[in-house]
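1. Sequence first, predicted coordinates after that:
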Amino acid sequence: MSLVPGAAAKAATAEAERLRDENELLRARLEEAEETLQAIRSGEVDAIVTVGPAGEQVYTLMGAERPYRVLIEAMQEGAATLTGEGTLLYANAGLARMVGDPLGTVLGTPMARYLHPHHRLGFAGILATGVGRPSQADLALLTADGRTVPVHISINPLPKEDMEGVCMVVTDLSEKRRRDEERDLLQTLPLDVGQAESFEAALITVLRTVCVSTGWEAGEVWLPSPEGLRQRGSWTATGQARTFLVAGAAMVLPPGLDLPGRVWTSRTPEQEGRARPGARRAELAEVCGLGASVGIPVVARDEVVAVVVFYLSEGTHVEERLIRVIHAAVAPLGSIIQRRQVEQRVSDSLREKEALLKEVHHRVKNNLQVVSAMLALQAHRAKDPNVRELFRQSEARIRSMALIHETLYGSPDLGRIDFSVYIAALTAQLASSYVLTPGLIRVDTEVEHLYFEIERAVPVAFIVHELVSNGLKHAFPRGRRGVIRVVLRRTDAEELELIVADDGVGAPPNPDERPSTMGMQVVRTLVRQLDGRLEIRNEGGVTCRVLFPSLGESP
Amino acid sequence: MILIVDDEPMIRLAISELLQDVGYEVADAKDGAQARKLFGPHVAAVLLDVQLPDVRDLELLAHFKAESPGCVVLMMTGNGPMALEAEARRLGANDFLHKPFDIEGMIKLVERLVPRG
């Protein structure tokens, strides 16, 4: 088949041009479609408007970004994008919930504003790192309503081609932290308290442990007394709170007054955001820059035995749940305080007994002094010198016994007497009684610090009295000078040695010529009572040596 | 005159009698209040118990010495703290009688320090 050659060629050329135009149009549409698809994929398009026979139609996209947005909005964690300087550009509902501000307020706000003041520096650190590479840290938020929320924050850089900044995920650790704190407090506090060396140390342990684990600023313990509550222990790590706690040491709070007084009366934990009018303690806390306070009663045997009060540095509210945990954690103090009260009663009773015993010794000494004074009066008025001497000997013996009570009265241990003290006083007293010319006869003592209970102190004292008196009266006649030596010492672990020796004229060889046998009878009787033995040497004076068993006379 | 100040009546009695026996004129007081009333320039010496119910520390000694510096004051003490004795000496106490003391020794001491009449 053939066409007219000229017309056919023209027709063919026109068709080729149409096809070329159509091809270019289709190619342009394809490029446009690919660009649109890319825009949809990259989230640059929310909806597509089409124009057709039915007019304009809007199709929202159920495209690639939608599931991610749903995921982000639905998750419990806080998610956000921030500028490199930390300003919030985008935040999900989770973050708004966490910081306690409406979403509209959150956007455009510097994230640091929602960080606890103690953690702002830490956040700045991970933000600076996060611009370049992933970083994370455990920090704490301070919410708009004053709560401290422990969080884990992780920061990742955004792709450079998208925008300069970071994306951030914030995980609320409150629940986990709470569980950890509860477990730690409830497990460790009773152990720590049990290991405390003293009552005061146990109080401080409770305060310190609770403050450290909760981040609270200060704590104090108030104990009931007849006048009201008195601060008995306090703890803080900061100087500012210390001033406040020291001021509390001088206060006495009656029932119902201030937070401690109210908790004492109500027997239930209470917290105070701001000081009530007239609440002196809370007002002072505010002046010293402290925040809310929490008062917790410690109950033992249905009685409030203490009120523990904690102060926060920031914030105005403490969760009830945490208060319940602290309430349970401080409970071991109850038994400690009760034990202390029992110890106190025992110690008071012991002190009372000591005071009574002291009074008894004082009165016995006074009574013996009275008897001795009456005998002295009678001796003074006796006409017969022998009678006078007998009165004087009795008076001196009574005085030596009174001296035992006087020494016991002045001794730190009311049950035992230090013989080094006693013999010094006894020999001085005997010398002043018997030595008419001062300086003529010297009494030297070498006595170890040996402590005798009163049952053994009396016989030993009487032996020393009789032997020294004998020496003073008989060893140095007619103004003879001389020395009497008194030694009391341990010879070994089981035996003590008492020596009374003089360098006088010695005893007459014939016993009948010896002036007084009454004193030596007393000595022999008492040596037997001590299960001891007496050795007498009459050579260059008289030396009496008494050896008797030791019964633990160490200090 | 010698003033004897002690809350124990028998001690006051014995000391008074003995001092009178050796020729002294005496008066006695059971506490600080009575002693203050009886004290005056005519009192040459005081035998003063260191523990009296209505007297704090050494205030009576200080009072006597302030009123009459020349008056002899003999303190009757137990084996109490040395600091108290040192303080008493500083306030002018002339000597000490340590209870339980020897009455004869006491008389000798008084005779040495206080002229009769």
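-> That came in fine, so what should we check first?
2. can you tell me if stretch A:373-380 touches chain B.
-> Yes - with C-beta under 8 Å from any C-beta of the partner chain as the threshold, stretch A:373-380 lies in contact with chain B, specifically through A:373-374, A:376-377, A:379-380. No exception for glycine: its C-beta is placed from N, CA and C like everyone else's.
3. Can you give me the neighbour number for A:His327?
-> A count of nearby residues for A:His327, using other C-beta atoms under 10 Å in any protein chain shown, gives 17.
4. gap between it and A:Val299?
-> Plainly put, A:His327 is 10 Å away from A:Val299 if you go by C-beta to C-beta, to the nearest Å.
5. cool, B:Ala45 as well?
-> Shown here: B:Ala45 relative to A:Val299, a distance of 66 Å by C-beta to C-beta.
6. Settle it for me: which of those two has more neighbours?
-> In terms of neighbours (other C-beta under 10 Å), B:Ala45 is the more surrounded of B:Ala45 and A:Val299; the figures are 21 against 15.
7. Please name the bridge partners of the more buried one.
-> When bridges are assigned using DSSP bridges, the partners listed for B:Ala45 are B:Ile2, B:Val72.
8. neighbours of A:Glu395, just the number please.
-> Quick note: A:Glu395 (other C-beta under 10 Å) scores 23 neighbours.
9. Quick check: the spatially closest residue to A:Glu182 that is not a sequence neighbour vs chain B, distance?
-> Counting by C-beta to C-beta, 6 or more residues apart in numbering or on different chains, A:Glu182 lies nearest to A:Val325, which is 4.8 Å off, once chain neighbours are set aside. Distance, A:Val325 to chain B, using C-beta to the nearest C-beta, to the nearest Å: 54 Å.
10. State the three-state secondary structure for A:Val325.
-> Counting by DSSP: H, G, I helix; E, B strand; the rest coil, the backbone at A:Val325 sits in helix.
11. Which residue comes closest to B:Pro41 once chain neighbours are left out?
-> Distances taken as C-beta to C-beta, 6+ apart put B:Ser68 closest to B:Pro41, at 6.0 Å, once the chain neighbours are dropped.
12. outside of stretch A:90-106, which residues touch it?
-> Counting by C-beta atoms under 8 Å, 6 or more residues apart in numbering or on different chains, the neighbours of stretch A:90-106 from elsewhere in the structure are A:72-73, A:75-81, A:88, A:107, A:109, A:114, A:141, A:143-145, A:147, A:149, A:151, A:170, A:172.
13. Enumerate every residue touching the residue nearest the centre of chain B.
-> Central residue check for chain B by C-alpha atoms, centre = their mean: the C-alpha nearest the mean position is that of B:Leu47, 1.4 Å away. By C-beta under 8 Å, 6+ apart, the contact set of B:Leu47 is B:2-6, B:15, B:74, B:76, B:97, B:106, B:110.
14. Model confidence for the residue nearest to A:Glu182, exactly?
-> At A:Val325, the pLDDT value in this model is 81.
15. next one: A:Gly63
-> Each residue has a pLDDT score; the one for A:Gly63 is 52.
16. Over to A:Thr148?
-> According to the prediction, A:Thr148 has pLDDT 87.
17. quick revisit: would you turn the contacts of B:Leu47 into TSV with secondary structure, distance to A:Arg456 and pLDDT?
-> TSV is the format used below for the contacts of B:Leu47 (DSSP: H, G, I helix; E, B strand; the rest coil; distance: C-beta to C-beta, whole Å; pLDDT from 0 to 100):
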residue	secondary structure	distance to A:Arg456	pLDDT
B:Ile2	strand	41	96
B:Leu3	strand	42	97
B:Ile4	strand	37	96
B:Val5	strand	37	96
B:Asp6	coil	32	93
B:Ile15	helix	34	91
B:Leu74	strand	35	95
B:Met76	strand	30	91
B:Leu97	strand	29	88
B:Met106	helix	31	88
B:Val110	helix	37	94
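18. Return the member of those nearest to chain A.
-> Set against chain A, the nearest of those by C-beta to the nearest C-beta is B:Ile15 (6.9 Å).
19. give me every residue that touches the closest one.
-> A:373, B:4, B:6, B:26, B:28, B:47, B:103, B:106.
20. let's go with 10 Å and repeat that
-> With contacts defined as C-beta atoms under 10 Å, 6 or more residues apart in numbering or on different chains, the neighbours of B:Ile15 are A:373, A:376-377, B:2, B:4, B:6, B:8, B:26, B:28, B:47, B:76, B:97, B:101, B:103, B:106-107, B:110.
21. what does A:Pro438 give?
-> By C-beta under 10 Å, 6+ apart, the contact set of A:Pro438 is A:431-432.
22. Assign it to helix, strand or coil.
-> Going by three-state DSSP, the state assigned to A:Pro438 is coil.
23. quick one: it and A:Phe310, what's the gap?
-> To A:Phe310, A:Pro438 is 72 Å away according to C-beta to C-beta.
24. returning to what we had before: filter the contacts of stretch A:90-106 down to the ones near chain B?
-> On the criterion C-beta under 10 Å from any C-beta of the partner chain, none of the entries of those sits beside chain B.
25. In helices only, show me those residues.
-> Members of these lying in helices (criterion: DSSP state H): A:72-73.
26. Now, of the contacts of stretch A:90-106, which are buried?
-> When those are checked for burial by 16 or more other C-beta atoms under 10 Å in any protein chain shown, the buried set is A:72, A:77-81, A:88, A:114, A:141, A:143, A:147, A:149, A:151, A:170, A:172.
27. give me the number of residues near A:Arg533?
-> Taking other C-beta under 10 Å as the neighbour definition, A:Arg533 ends up with a count of 11.
28. contacting residues for the residue nearest to it when sequence neighbours are not counted?
-> Spatial nearest neighbour of A:Arg533, excluding adjacent residues (C-beta to C-beta, 6+ apart): A:Leu547 at 5.5 Å. Counting by C-beta under 10 Å, 6+ apart, A:Leu547 makes contact with A:491, A:495-499, A:527, A:530, A:532-535.
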